[in-house]
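next one to model:
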Amino acid sequence: MRRLVASVALAAACWSCHALAQDGPATDPAAIAQETDQQEALYRAALGALSDGRIEEAAALLERVVAAQPRHAGAWLDLAITHCELGNSDEAERLFAGLQQRFALPEPIVETIARYRATGCGSRTAREGGAWLLAATRGHDDNVNQGASDPRFTIGTGSAQTEYELDPSFLPKEDNFSQLTLSTVHPLGVGGTNAIVQAYSRWHDRERNQDTALVVGALEQTWKPGGWLLRGTAALGYVTLDRILYQRQKQLQMRLSPPWKMPKGAEFAFSGNLSRVEYPTRPAYDGTTVELGGIAGYRSGRSLTQATLTRLHDDSSDGRPGGDRDGWFGSLQWYGAATSRLSLEGGVAWQRWRSQALYSPGLINTRRRQDTATLRTAVNWKLHPRYSVIVEWRSTLNRENISLFQYNSHALQMSLRWDNF
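The predicted structure is shown next:
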């Protein structure tokens with residue numbers, strides 16, 4: 001919900017400044033400029049409070065902005081939405097009606113007001129400031145087991161090389177699958193702390209040994225040291241495969257946004273991640289990964305384009321084939337709203353790993369090189385402000401110099417999603 005408020009504020013900025021310029025008779029230009037700067041600083045403080053989840057504080061700040069500048073359309077709109085989130089439906093409706101009477105609203109703002117009116121204010125989720133998501137998915141994957149693309153495999157060196165035909169269990173297997181996903185974000189107090197829980201379960205029609213489940217719990221905290229915006233997350237997760245514990249995941253994430261003045265619509269942040277993955281049944285594959293990089297984005301009207309680039313290092317446990325690894329991760333994502341109900345997504349991600357040691361001396365005398373590209377596109381159709389149908393296509397192309405691990409996978413799925421039930 002806070003993201004929606006921020007995007008609406010950006011959309012409103014293009015017409016709120018014009019409204020401000022017509023507010024009241026002209027006096028001393030220097031005094032007008034000083035007063036305008038003070039009110040805009042107050043407005044930015046209110047948006048910061050919204051971003052941190054301090055909704056009551058934001059409402060108080062927005063009330064002051066609207067009282068001082070009754071033609072500040074952006075503040076008026078954010079105040080109406082904030083009252084709606086707090087459950088003050090009568091006050092929110094009064095402000096929505098006032099907006100429509102005072103201003104010539106662009107179509108995206110009219111659609112936003114209509115969505116809030118259709119959803120209603122005063123729900124438990126709105127009062128508590130939390131968010132919920134539940135999704136039921138049905139899909140098809142042509143390689144659920146990540147089976148090798150090449151059925152032949154060679155081991156050994158020189159004259160001792162031997163070619164083998166892989167057992168059918170190592171080749172691609174296609175199947176239909178069903179999945180349930182649940183996630184929630186819930187503020188803890190007013191100190192910028194959020195509790196996050198995510199879980200999903202995926203099961204297949206035939207290949208039941210590929211059934212997976214995941215549960216992750218996390219705490220997220222926001223700080224503002226010296227004008228910077230720092231968001232840190234600590235997470236703990238468990239993954240099962242074929243109903244047996246497969247992974248334990250521990251993770252620390254950091255996202256740091258500098259206070260630099262950026263071009264309109266542009267955003268940038270440094271990112272860092274420290275993760276530990278443990279395999280209870282295969283401890284030789286345990287590893288600790290460090291990621292350092294950056295995230296850049298650009299918002300324009302109803303769309304967002306975002307790019308990431310990250311340097312990777314994976315510190316392995318003793319005995320893991322190939323030893324430590326170094327690599328890169330990059331992605332380019334695009335999100336856009338075609339209409340008030342229809343939105344589109346598309347993206348490409350690429351990951352590269354290079355092992356530091358021979359994979360298996362005497363059998364596979366090579367350092368493993370892995371390049372994985374993932375293509376994704378999705379269409380989101382809102383049946384109702386809280387219900388959506390999502391159709392998603394995903395393709396994974398995993399290229400390796402060891403043919404046993406090279407695979408391709410293509411999946412198509414449809415989900416029914418329920419937000420803030």
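
now the strands: where do they sit in the stretch 1-150 of the chain?
131-141 (DSSP state E, counting those that start in this stretch).

quick one: the helices in it?
For the stretch 1-150 of the chain, the helices defined by DSSP state H, counting those that start in this stretch cover 2-21, 29-51, 55-68, 73-85, 89-102, 107-119, 124-128.

L245 against P280, yeah?
Yes: in this structure L245 lies within contact range of P280 using Cβ atoms under 8 Å: 5.3 Å. Every C-beta, even on glycine, is put in place using the N, C-alpha and C of the backbone.

okay, now the unreliable bits of this structure?
1-37, 52-53, 87, 115, 117-130, 158-159, 190, 301, 385, 421 (pLDDT under 70).

can you list the domains in it?
35-126, 130-419 (the TED database).

and the shortest one, how far from the chain's centre?
Using Cα atoms, centre = their mean, to the nearest Å, the mean C-alpha position of domain 35-126 is found 25 Å from that of the whole chain.

follow-up on the earlier one: would you list the domains of the chain in a markdown table and tack on mean neighbour count?
Formatted as a markdown table, the domains of the chain follow (neighbours: other Cβ atoms under 10 Å):
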| stretch | mean neighbour count |
| --- | --- |
| domain 35-126 | 18 |
| domain 130-419 | 15 |
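
now E291: how far from L61?
36 Å (Cβ to Cβ, to the nearest Å).

now R369, nearest residue through space, not along the chain?
N401 (4.6 Å; Cβ to Cβ, 6 or more residues apart in numbering).

surely G74 and A46 touch.
No: G74 is beyond contact range of A46, at 10.0 Å (criterion: Cβ under 8 Å).

right, and A218 touches T233 too?
Yes: using Cβ under 8 Å, A218 is in contact with T233, at 5.4 Å.

off-centre distance for the longest strand along the chain?
For the chain, the strand with the greatest residue count under DSSP state E is strand 364-384. Relative to its parent chain, strand 364-384 has a centroid offset of 15 Å by Cα atoms, centre = their mean.

what lines up beside it in the sheet?
Its sheet considered, strand 364-384 pairs with strand 342-360 (antiparallel), strand 387-400 (antiparallel) by DSSP bridges.

those strands: which one's closest to Q101?
Taking Cβ to Cβ, strand 342-360 is the member of the strands paired with strand 364-384 nearest to Q101, at 29.6 Å.

which residues are in contact with each of A218 and T233?
196, 251 (Cβ atoms under 8 Å, 6 or more residues apart in numbering).

which element, helix or strand, includes Q249?
For Q249, the host element (DSSP states H and E) is strand 244-257.

what sits up against that strand?
Taking Cβ under 8 Å, 6+ apart as the rule, strand 244-257 contacts 212, 216, 218, 228-240, 267-281, 295.

could you point out which element follows that strand?
Next along from strand 244-257, by DSSP H and E: strand 266-278.

for that next one, which strands pair with it and how are they oriented?
Strand 266-278 has these strand partners (DSSP bridges): strand 244-257 (antiparallel), strand 287-300 (antiparallel).

dump the ones you listed to JSON lines, plus distance to L182.
Output for these, formatted as JSON lines (distance: least, Cβ to Cβ, whole Å):
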{"stretch": "strand 244-257", "distance to L182": "18"}
{"stretch": "strand 287-300", "distance to L182": "26"}
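
who wins for proximity to N380 among these?
Comparing these by Cβ to Cβ, strand 287-300 comes nearest, at 17.8 Å.

alpha carbons of that closest one, as PDB, please.
C-alpha atoms of strand 287-300 as PDB (Å, rounded to 0.1, in the frame of the first residue of the first chain):
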ATOM      1  CA  GLY A 287      28.200 -22.600   1.300                       C
ATOM      2  CA  THR A 288      28.300 -18.900   2.200                       C
ATOM      3  CA  THR A 289      27.600 -16.300  -0.500                       C
ATOM      4  CA  VAL A 290      28.500 -12.600  -0.400                       C
ATOM      5  CA  GLU A 291      26.800 -10.200  -2.900                       C
ATOM      6  CA  LEU A 292      27.600  -6.500  -3.400                       C
ATOM      7  CA  GLY A 293      26.100  -4.400  -6.100                       C
ATOM      8  CA  GLY A 294      23.600  -1.700  -7.000                       C
ATOM      9  CA  ILE A 295      20.000  -1.100  -8.100                       C
ATOM     10  CA  ALA A 296      18.900   1.600 -10.500                       C
ATOM     11  CA  GLY A 297      15.400   2.500 -11.500                       C
ATOM     12  CA  TYR A 298      13.300   5.000 -13.500                       C
ATOM     13  CA  ARG A 299       9.600   5.700 -13.000                       C
ATOM     14  CA  SER A 300       7.700   7.300 -15.900                       C
END
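
so after it, what's the next helix or strand?
strand 303-316.

tell me what that following strand is packed against?
strand 266-278, strand 287-300, strand 325-337, strand 342-360 (3 or more Cβ pairs under 8 Å, 6 or more residues apart in numbering; DSSP states H and E).

which residues sit against the third one?
Yep, that's strand 325-337 we're talking about. 291, 293, 302-314, 316, 343-356, 368, 370.
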